[in-house]
Every structure is written in C-alpha cells, then in structure tokens.
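A.B. asks: take this sequence and fold it.
(one chain, ligands or ions: 1)
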Amino acid sequence: MQNEAIDKPKRVLITGCSSGFGLLTAVEAAREGFDVVATMRNLDKAGPLQQALEKANLTAKIERLDVTDPVSIEKIVQKFSPIDVLINNAGILIAGSFLDLTEQECDKIFQTNYFGPVRLTRAVVGQMIQRKSGRIVNIASLAGLIGHPFNSAYAASKHALIGFTQSIRVELAPFGIDVVSVEPGYHKTEIIGANANQAERFYDRTSPMFEWNRGFLKAMFEEILPRAGDPQQVADLIVRIISCEKPKAHYIIGKDAAFAITFKSLGLWSWLEKQIIRKIRKYRRLENQREQEKRNRRKQTRAPS
Ligand SMILES: NC(=O)c1ccc[n+]([C@@H]2O[C@H](COP(=O)([O-])OP(=O)(O)OC[C@H]3O[C@@H](n4cnc5c(N)ncnc54)[C@H](OP(=O)(O)O)[C@@H]3O)[C@@H](O)[C@H]2O)c1
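C.D. replies: Below is the predicted model:
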C-alpha cells in the first residue's frame, strides 16, 4: 500500500525569486519534483520566473513575501504550513566605505540579510520541530567568511548569518532539522546588475573616502565582475543540498571563493590584502587621471580662440 505522507512532494519555500539564484533555484527545484512556493517582495517582477517555468513546462506557486515585513511572513507561513524546506535567499548589497554608509543603509542591509532569515526560520521551525524533520538553507556569501572592503555592512550581515546558521544547526540537530549555509563568490546575477546599490554618499566629494569608493568600483568592474561565475551552478548546488540524504554544514562555491579561502588557510591573507589595496590604489589613480583629462578638455573647449 502506498503511503500518502511519503509520496507527497516536499514543500520548499524560497525567498527572493524575482531574479538570480532565487529564480533559478525555484525552476530547478520544480524540475526535481519539489512543491515550490517561490516568493518575491514585488509580484510585478514575477514575469521572468513565470516565463522560465512555462518554458520548462513546470509549475510553482508564486507569492508575495517581503522578508523585512513580519505580516507578510506570517501570511505565507499560515497559508503554506507545513514547510519542509526553507531557502533564505533574498539579499541586498549597498556598496560604499563604512564611513559613507548611513545608519539607515546599514539597518536596511541587516533587516534583509540577517533579520529576514531569522524571522523566516522562527516562523517555519515550530512545525519542523513537531514533525522532527526539516531543512533550512541560508544563502550567505564568501563575504560572510572574509572581510569585503567597501561592503562592510554586507560582509557583517553575512558573517552574522553564518554565525546564526552554525549556532542553530546544533540546537536543531536533535529534532532532525539540518541547517546549512551556502557561501558563493561573485556570480552574474542582478545583485551586481540592476539591483546593484551604492551608498547615497558614495560620490560625496567632501568624504575622505570619495576617491577610494570610486577606485574600488572601477577595480570591481575591471577585475572582478567580468570573472563572476554562472549562477546556474549555485542553483544546481542548492537543489543538490535540499535533495541529498545528509548535507554538509556549509558549501563554498565559485573560483574566487575557493581561491580566497585557500589563501586564507595557507596563512597568506595579509599578502592578499596588500594586493587588493594595490589594485584599488591603481584604479583610484587612473580615475583621478581620467577626471583631470576631462577637466582639461573642458577648459580647452571653453578657452577663447
Ligand atoms: N550574486 C552574487 O555574486 C552573490 C554572491 C554571494 C552571495 N549572494 C547572495 O545570494 C542571494 C541572492 O542574490 P542574487 O545574487 O541572486 O541577487 P539578485 O538577482 O539581486 O536577487 C536578490 C533577490 O532578493 C530579493 N529581495 C531583496 N530584498 C528583499 C526583501 N526585503 N524581501 C524579499 N526579497 C527581497 C530581490 O527582490 P527585488 O527584485 O524586489 O529587489 C531579488 O529577488 C543574496 O542573499 C545575496 O547576498 C550573491
């Protein structure tokens, strides 16, 4: 005789599915036969996910959920309880030196990247404890394992998320609940595209960090972002994590992430820091030169003949 409880597909709740890892993971999880609740804070952005699902002849429930809004979390959890798997994916980044980030900007980052996953976890875990089974996957970052200059609040929020993950995985293990973190390096998603944010004061010329913010950004565009990885690989990894018998505590993914962590483990971290400073200094100088040349050209065109 077939057991209905065993045959029922596992329900996966994913946050931040309007683009990037969330969107791709929703599609891959649906392909693997999971009952996917793909959430996003703005349903006007559902088009790309709907199209991707249609193209693959798959279905998922698409719902509104803002991880900073406890009421929207409550609604979803009530509607779709019990959740078997939670994927805390939604995240934001606001670039800029720590001196130029406002408290509101830091708060926004922490509300989304740290308090959001904590809220979601608390909302779904009661049922998991009762059923003595469940899996929670927190999408952290390489920036949660090492510092990330000019992204200090983002790095701090991801360090906090990893600290949370490592702590509660021990608390929840006796209840048969696995808690895992994924730590990707740079990948080509909207967080470095349409969703890329800079601090309001990023280009404030009165800031002592003005030229360094600009140098950092140029270094990112020239050296880091062109080498960013394929986000499909992260989505595939996440689906492997939620499908396997027993996941590891954490997963590092991406060439840049593997490189940085290897350097750190070999005790070469300070050497790498020096290289980062050298690069940012180089692009700061080039940006200053470019600005000076622009000024000179403007002067020449304005000069009376
Ligand atoms: N791509 C990378 O290089 C990289 C590396 C390491 C870690 N990560 C992490 O991976 C996760 C996914 O990011 P991604 O790279 O796929 O970037 P993405 O394409 O920008 O996706 C981020 C998603 O989070 C959503 N989001 C933002 N604030 C939210 C909120 N308050 N409530 C609900 N959803 C919210 C965004 O929605 P909107 O469309 O409404 O803004 C979007 O759907 C993030 O946690 C990020 O920190 C990314």
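A.B. asks: around the ligand, pick out the residues from this protein.
C.D. replies: 15-16, 18-22, 40-42, 45, 66-68, 89-92, 112, 139, 141, 184, 186-187, 189-192, 195 (C-beta under 6 Å from any ligand atom). Backbone N, C-alpha and C define where each C-beta goes, glycine included.
A.B. asks: write the ChimeraX selection for whichever of the residues you listed are buried.
C.D. replies: Buried subset of the residues of the chain next to the ligand, written as a ChimeraX selection, criterion 16 or more other C-beta atoms under 10 Å:
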select :15,16,18,19,20,21,22,40,41,66,67,68,89,90,91,92,112,139,141,184,186,187,189,190,191,192
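A.B. asks: list phi and psi for N89.
C.D. replies: With angles defined as degrees, to the nearest 10, N89 sits at phi -110, psi -30.
A.B. asks: doesn't F21 make contact with it?
C.D. replies: Yes: between N89 and F21 a contact is recorded at 5.7 Å, counting by C-beta atoms under 8 Å.
A.B. asks: give the residues shared as contacts by these two.
C.D. replies: Common neighbours of N89 and F21, using C-beta atoms under 8 Å, 6 or more residues apart in numbering, are I139.
A.B. asks: okay, and for the chain, where does confidence drop off?
C.D. replies: Along the chain, segments meeting pLDDT under 70 span 1-7, 304-305.
A.B. asks: the strands in it, which residues?
C.D. replies: 11-14, 35-40, 61-64, 85-88, 94-95, 134-139, 177-184, 197-198, 250-253 (DSSP state E).
A.B. asks: list the helices and strands the last one packs on?
C.D. replies: Same thing as strand 250-253. Contacting strand 250-253 under the criterion 3 or more C-beta pairs under 8 Å, 6 or more residues apart in numbering; DSSP states H and E are the following elements: strand 177-184, helix 231-243.
A.B. asks: can you list the strands that it pairs with?
C.D. replies: Using DSSP bridges, the strands paired with strand 250-253 are strand 177-184 (parallel).
A.B. asks: contact partners of the strand it pairs with?
C.D. replies: Contacts with strand 177-184, where a contact means C-beta under 8 Å, 6+ apart, come from 21, 125, 128-129, 133-142, 144-145, 161-162, 165-166, 168-169, 172, 229, 234, 237-238, 241, 246-254, 257.
A.B. asks: that strand vs helix 231-243, what angle?
C.D. replies: Strand 177-184 and helix 231-243 are oriented at 170 degrees to each other (axes from the mean of the first three to the mean of the last three C-alpha atoms, to 10 degrees).
A.B. asks: using CSV, list the CA coordinates for strand 177-184.
C.D. replies: This file holds the C-alpha atoms of strand 177-184, laid out as CSV (Å, rounded to 0.1, in the frame of the first residue of the first chain):
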residue,chain,number,x,y,z
ILE,A,177,16.5,19.5,11.2
ASP,A,178,19.5,20.3,9.0
VAL,A,179,20.7,23.9,8.8
VAL,A,180,23.2,24.7,6.1
SER,A,181,24.9,27.7,4.7
VAL,A,182,26.0,28.3,1.1
GLU,A,183,28.9,30.8,0.6
PRO,A,184,29.2,31.8,-3.1
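A.B. asks: just the buried ones out of the contacts of strand 177-184, please.
C.D. replies: Taking 16+ other C-beta under 10 Å as the criterion, what is buried in the contacts of strand 177-184 is 21, 125, 128, 134-142, 144-145, 161-162, 165, 168-169, 172, 229, 234, 237-238, 241, 247, 250-254, 257.
A.B. asks: thinking A228 is in contact with H187, fair?
C.D. replies: Yes: at 5.4 Å, A228 counts as touching H187 under the criterion of C-beta under 8 Å.
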